[in-house]
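# What follows is a predicted protein model with its sequence.
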Amino acid sequence: GMQNIYFFSEYALEDWEYEIAQAKEYGGIVIANIVAYSASEMAYVAKRVEKFGADAVELCLSTPYGDGIEVLASEPEKVYEFVDEVVKAVDIPVMVKLSPSVNNVAKLAKAAEKAGAAAISGINTIRSILGVDIEKGKTLLPTYGGYSGHAIRPISLAFTATVAQATNLPVCSIGGIDTYHHVLEYMMLGANTVQVCTSAVLNGYGHITKMIQDLEKWMKDHHYENFEQIRGKALNSLKSFEEMKVEPYIAEVVDDTSDTGGDEYENSCIFGAIYRNENRLKVDPEKCTGCGLCANRWPDIFKMIWK
């Protein structure tokens, strides 16, 4: 992953008129990400970038930096106020970028939908401290930053599924997208589009082209003609916690010939279910609780089965 600290923009608002015009001149579609500390200020900025030629706006209602603005993404009433004000002020689509640092994503997304949002995007980077120099007793960076990359993808996948299930709005997913496989994961959980940043920073813009080519190849190989055929496909397999049933699920040895000469497999099981018999790996079905740790760590050696 990667931590960043930035101060939103080095340009004054008026400077973006030229930047947007440049992008539009070469055929670009401009979705202007804007931030403000009040609903009226957000509406004002939205009107200005619309006048500059933006095709849509993305309201940044959260940030990992500082303290004040984060509260906006935690209160459905505030989300509604901001979105409603902007929607009434502009004639272009309004997308709302929500925070990962909340536990009421569904309520926030519904508030944005009720206020007239055209789409939901997320997640933003996660508030973080990259590390500490233990010799100097100082943090590696001077303030809290935003963490992005592979580590936040599971959080964003959950965000995508939640918004897709709670609203009828298109979802633009963000977080840890590095391969076509990641794009498909998001789309199968309900995403309509994705955003890529960290991967482009680390690998260059050409990496995005490769992702698109790999995605097209996968679609062709699996006989899909368009993304609507796969969008939301995995949502039916997703149950609420209350729907989960305790099932007799245990591990089984797939390959009992693997032998590293050590006892890492046996030591990894805190329940003592993995053992050796004549130097061959075995699983005691009476001790196995079905936690799945062994199958996750060594999928070539263990698998999960119904008891």
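Now that the structure is in, tell me what you want to look at. Numbering: from 1, shown residues only.

# all contacts plus neighbour counts: C-alpha atoms, from now on.
OK.

# The stretch 1-150 of the chain: helices as residue ranges?
Here the stretch 1-150 of the chain has its helices, by DSSP state H, counting those that start in this stretch, at 16-25, 39-52, 76-89, 105-114.

# as a whole number, average confidence for the second one?
Looking back up the chat, that one is helix 39-52. The pLDDT scores in helix 39-52 average 96.

# Could you do the third one as well?
Confidence over helix 76-89 (mean pLDDT, whole number) is 96.

# where's it relative to the chain centroid, distance-wise?
From the chain centre to the centre of helix 76-89 is a distance of 24 Å (CA atoms, centre = their mean, to the nearest Å).

# what residues does that helix touch?
Outside of helix 76-89, the residues within contact range by CA atoms under 8 Å, 6 or more residues apart in numbering are 38-40, 42-44, 46-47, 59, 61, 72-73, 93-94, 96, 107-108, 111-112, 114-117.

# try it again with 7 Å
Helix 76-89 has contacts (CA atoms under 7 Å, 6 or more residues apart in numbering) with 39-40, 42-43, 46-47, 72-73, 94, 107-108, 111-112, 115-117.

# Quick check, central residue of the protein?
Central residue of the chain (CA atoms, centre = their mean): Ser156, 2.4 Å from the mean position.

# Next one: it from Ala119, what distance?
According to CA to CA, to the nearest Å, Ser156 stands 16 Å off from Ala119.

# Excluding chain neighbours, what is closest to Ile31?
Nearest residue to Ile31 in three dimensions, chain neighbours excluded: Ala56, at 4.7 Å (CA to CA, 6 or more residues apart in numbering).

# hang on, that neighbour packs against Asp91?
No. In this structure, Ala56 is not within contact of Asp91 by CA atoms under 7 Å, at 8.9 Å.

# So those two - more neighbours on which side?
Shown here are Ala56 and Asp91; by other CA atoms under 10 Å, Ala56 has more neighbours (21 against 13).

# count of neighbours near Asn279?
Neighbour count of Asn279, defined by other CA under 10 Å: 12.

# Report the separation between Met42 and Val49.
Distance from Met42 to Val49, by CA to CA: 11 Å.

# State the mean pLDDT of the lengthiest helix in the chain.
For the chain, the longest helix by residue count, based on DSSP state H, is helix 206-221. For helix 206-221, the mean per-residue pLDDT is 96.

# Now find how far off-centre it is within its chain.
From the chain centre to the centre of helix 206-221 is a distance of 20 Å (CA atoms, centre = their mean).

# Which helix or strand lies directly C-terminal to that helix?
Note on helix 206-221: by DSSP states H and E, the next helix or strand toward the C-terminus is strand 249-253.

# if I look at Glu81, how far off is Val87?
Applying CA to CA, the value for Glu81 to Val87 is 10 Å.

# Contacts only, for the residue nearest to the centre of the chain.
Shown in contact with Ser156 (CA under 7 Å, 6+ apart): 122-123, 174-175.

# how about it, secondary structure?
What DSSP: H, G, I helix; E, B strand; the rest coil gives for Ser156 is helix.

# Could you list the low-pLDDT ranges of the stretch 51-200 of the chain?
65-73 (pLDDT under 70).

# all strands for it, in order.
56-60, 94-97, 119-122, 126-128, 132-133, 138-139, 145-148, 171-174, 193-195 (DSSP state E, counting those that start in this stretch).

# could those strands be laid out in a markdown table, adding distance to Asn296?
What follows is the strands of the stretch 51-200 of the chain, written out as a markdown table (distance: least, CA to CA, whole Å):
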| stretch | distance to Asn296 |
| --- | --- |
| strand 56-60 | 37 |
| strand 94-97 | 33 |
| strand 119-122 | 28 |
| strand 126-128 | 26 |
| strand 132-133 | 31 |
| strand 138-139 | 34 |
| strand 145-148 | 24 |
| strand 171-174 | 26 |
| strand 193-195 | 28 |
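
# Which one, of those, ends up nearest to Cys294?
Ranking those by their distance to Cys294 (criterion: CA to CA) puts strand 145-148 first, at 28.5 Å.

# and the closest one, what other elements does it pack with?
Applying 3 or more CA pairs under 7 Å, 6 or more residues apart in numbering; DSSP states H and E, we find strand 145-148 packed against strand 2-4, strand 126-128.

# Quickly run through the sheet partners of it, with directions.
If you go by DSSP bridges, strand 145-148 pairs up with strand 2-4 (antiparallel), strand 126-128 (antiparallel).
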